[in-house]
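**Student:** Coordinates only, no sequence provided:
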């Protein structure tokens, strides 16, 4: 004998199927985060002139007199602080990417804003410094991130985010 089928409780209803465009956007966002972080390391932390300039600007703003030995001594500290900052920022972006993949519209919008800011930052670097070879990492990060955003606003993706929001409100 078989027992009659009972409908599943609302919290156990069938899961929302994530469209391929959202998965593709997720992978592209991950690639954009990795290449963006590498770009920041290459264009900032490995560029000795840039680090020295940052150290001098910081010491100038502090208003205390300093020597060239002070500048040289702080280069390592600035590189470590910059590396930690880049790692934290990349980690936060990874968290946002995972939330986007889970259907959180705020994360999709935050990734969109980040892509726009990243694009503006890249273009301002190109205008200020010219098209240097070390900017290729930044270009790759921008390209992946912008492409991810395009996938996030395809009709099937928009439907996914709308449906995910409706399900959370039930």
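**Tutor:** Sure thing, it's come through. Here the structure is a predicted model, which is why all the values come from computation and not from measurement.
**Student:** State the distance from residue 134 to residue 107.
**Tutor:** If you measure residue 134 against residue 107 using CB to CB, to the nearest Å, the figure is 30 Å. C-beta coordinates here come from the backbone N, C-alpha and C atoms, glycine included.
**Student:** Give me the more crowded residue out of the two.
**Tutor:** residue 107 (20 against 14; other CB atoms under 10 Å).
**Student:** so the more buried one makes contact with residue 100?
**Tutor:** Yes: here residue 107 reaches residue 100: they are 3.8 Å apart, a contact under CB atoms under 8 Å.
**Student:** what sits up against the strand or helix carrying residue 165?
**Tutor:** For residue 165, the host element (DSSP states H and E) is helix 155-169. By CB atoms under 8 Å, 6 or more residues apart in numbering, the residues outside helix 155-169 that reach it are 16, 18-22, 25, 102-105, 108, 151.
**Student:** Filter those down to the buried ones, PyMOL style.
**Tutor:** Selection of buried members from the contacts of helix 155-169 for PyMOL, criterion 16 or more other CB atoms under 10 Å:
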select buried, resi 18+19+21+22+25+103+104+105+108+151
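**Student:** I'd like to know which of the contacts of helix 155-169 are part of helices.
**Tutor:** 20, 21, 22, 25, 105, 108, 151 (DSSP state H).
**Student:** May I ask which two of the residues you listed are separated the most?
**Tutor:** 20 and 105 (18.7 Å; CB to CB).
**Student:** any chance you could map the helices in this structure?
**Tutor:** Counting by DSSP H, the helices of the chain are 20-40, 48-62, 68-101, 105-129, 136-152, 155-169.
**Student:** Identify all contacting residues around the fourth one.
**Tutor:** When contacts are taken as CB under 8 Å, 6+ apart, the neighbours of helix 105-129 outside the stretch itself are 29, 32, 36, 43, 93, 96-97, 99-100, 135, 138-139, 141-142, 145-146, 148-149, 152-153, 157, 161, 164-165.
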